[in-house]
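In: how would this look folded up:
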Amino acid sequence: MSSAAAFIAANRFGFGPRPGDLDVIARDPARWVLAQLDSRYAASPAFAGLPPTPDVVQSALGQLQKLRKMKDANAEDQRRMLRDLQKDLRGDFTREAAARTRAAIDSPAPFFERLVHFWSNHFTVSATKRQSLPLVAAFERDVIRPHIMGTFGDMLLAATRHPAMLTYLDNARSIGPQSRAGRRQGKGLNENLAREVLELHTLGVNGGYTQDDVIALAKMLTGWTVDIIGRSADGFLFNAAAHEPGDKNLLGLRFGESGENEARLALQSLALHPACAQFIAEKLARHFISDTPSAASVHTLAQSYSRSGGRLLDVYRSLISLPDIWQAPLQKIKTPNDFIISLLRAADIDIDDMRLAAAFRTLGQVPFSAPSPAGWSDMAKDWLGGEALLRRIDIAQNVAAAIHTRIDPAGLLEQTIGPVAAEATRTAVRRAGSPAEAITLIFASPEFQRR
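Out: Model prediction:
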């Protein structure tokens, strides 16, 4: 029987084992996890043919802008063309979300994929805002995946300047009141991006910043907008005419007037702030260990972050070496995203894009669709409940019905939850009335619902 450490490695660091994984992982669980800290895993066959950010900006946002500005079409034609475009965008979104899920299901490096999902949730951009829908998947591919093994500061910069973030948090419409454009148009600051950078991306709500700091960072970010017409290589454009002139003070530091570079320097400073180290350490510990991680674990991660200047590879290695992370399995509830991916990994089954999308909708966690910039909750209290469990059981039954003729329930139990299965779970599976019922009981068990 595979060890409990293999179960922890497969579920806490990954998305659950595929058939045969636990036996391989059990040889050296920590080494199996460490081997996945490699930037080559950023690429995935699941994303073949999907467009990069600049293409999305020009094809989707560019078309939307043209439709809104059309003067030679009547209102009904304009509405019809807009509906057709939005229908196409929704179809593209479904394919992109399915590709993201399949990358996690099929990856030989599930720890890398979990890190992608963690950081994508940290830097949330959501399709709940219609203008962001075409860009959210490209954001994860072009910002999160390439920076997983770099520094937090580099990821922060890439995330902040990406068209998805600039659109989602309205910075593309933020104009310095004293800028040339501001004086001419009478428009002003939008503080959304600055506030979320401080509260959600770097320092945390208790990170010691004030409203004056929010305003200062918002002024620095003026002019950071989206390149609709394709002048840049990444979809970002700095509009000097919209940038608020003058020196700014952020967290007691003075930033001299330097156009686009002001916000770059500010983000670099925030990434190296002690409060940022603490905030990132707390989020990592809460995600990978438990809803209430020990102060000692958080302190170790924060120290690793600060010593390395936010070098994420060092932080991950510290995470893997924490004593707490290899103890007490089943501390975390699987989110719907985790449950669906782990279910399909265990079942070794593929389903079409529309059925995959329906499963996520049923469980209430559609990819790239977090309800706010704070992202999806990482706490058990937000995912537990009788109705939620019944929905999971329904999906488990559907999968069991598809695989019961080719999978032995006893073998499936050992290959998924065997190292931690309670005797009550084993007995229920043994006494099940049919193979399909036995498989459903495995997938609905408390051990399979946790990681």
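In: Quick check, pLDDT for the residue minimising distance to the centre of the chain.
Out: Compute the mean C-alpha point of the chain, and by C-alpha atoms, centre = their mean the closest residue is residue 120, 2.3 Å away. In this model, residue 120 is scored at 98, pLDDT.
In: Residue 130 now?
Out: With respect to pLDDT, residue 130 scores 84.
In: and the closest residue to it other than its chain neighbours, which of the three is it?
Out: Using C-beta to C-beta, 6 or more residues apart in numbering and skipping the chain neighbours, the partner closest in space to residue 130 is residue 86 (7.7 Å). Where you see a C-beta, it was placed from the backbone N, CA and C, and this is true even at glycine. Recorded secondary structure, residue 86: helix (DSSP: H, G, I helix; E, B strand; the rest coil).
In: let's have the chain start at 585 instead
Out: From this message on, residue numbering opens at 585, which makes the last subject residue 670.
In: Just give me the neighbour total for residue 670.
Out: Residue 670 is flanked by 16 other residues according to other C-beta atoms under 10 Å.
In: And residue 938, by the same measure?
Out: 10.
In: now residue 612
Out: 14.
In: Now it: phi and psi?
Out: The phi and psi values for residue 612, taken as degrees, to the nearest 10, are phi -170, psi 80.
In: just to revisit the earlier point, downstream of the helix or strand containing the residue nearest to the centre of the chain, the next helix or strand is which one?
Out: Assessed by DSSP states H and E, residue 704 sits inside helix 694-706. As assigned by DSSP H and E, the chain's next helix or strand after helix 694-706 is helix 720-723.
In: Provide the backbone phi and psi angles at residue 917.
Out: phi -80, psi 140.
In: quick one, what contacts residue 683?
Out: 630, 631, 634, 721 (C-beta atoms under 8 Å, 6 or more residues apart in numbering).
In: What about the nearest residue to residue 717 once chain neighbours are set aside, how many residues nearby?
Out: For residue 717, ignoring the flanking residues on the chain, the nearest one in space by C-beta to C-beta, 6+ apart is residue 711 at 4.3 Å. For residue 711, the count of nearby residues is 24 (other C-beta under 10 Å).
In: pretty sure residue 711 is in contact with residue 752, am I right?
Out: No: judged on C-beta atoms under 8 Å, residue 711 makes no contact with residue 752 at a distance of 9.2 Å.
In: shared neighbours, those two?
Out: residue 720.
In: ok so, going back, I figured the residue nearest to the centre of the chain was touching residue 724, is that so?
Out: Yes: with contacts counted by C-beta under 8 Å, residue 704 reaches residue 724, the gap being 4.8 Å.
In: mind listing the helices in the stretch 585-734 of the chain by residue range?
Out: Applying DSSP state H, counting those that start in this stretch to the stretch 585-734 of the chain gives helices spanning 588-592, 605-609, 613-618, 637-640, 646-653, 659-690, 694-706, 720-723, 729-731.
In: Out of those helices, the one nearest residue 911 is which?
Out: Across the helices of the stretch 585-734 of the chain, residue 911 has its closest neighbour in helix 588-592 (8.4 Å, C-beta to C-beta).
In: ok now that closest one, how far from the chain's centre?
Out: Relative to the centre of its chain, helix 588-592 is centred 24 Å away, using C-alpha atoms, centre = their mean, to the nearest Å.
In: can you list contacts of it?
Out: By C-beta under 8 Å, 6+ apart, the list of residues contacting helix 588-592 reads 601, 606-607, 609-610, 613-614, 909-910, 913, 1001-1004.
In: Out of these, which comes closest to residue 768?
Out: The closest of these, once distances to residue 768 are taken by C-beta to C-beta, is residue 909, at 55.8 Å.
In: For that closest one, which non-adjacent residue is closest in space?
Out: residue 873 (5.5 Å).
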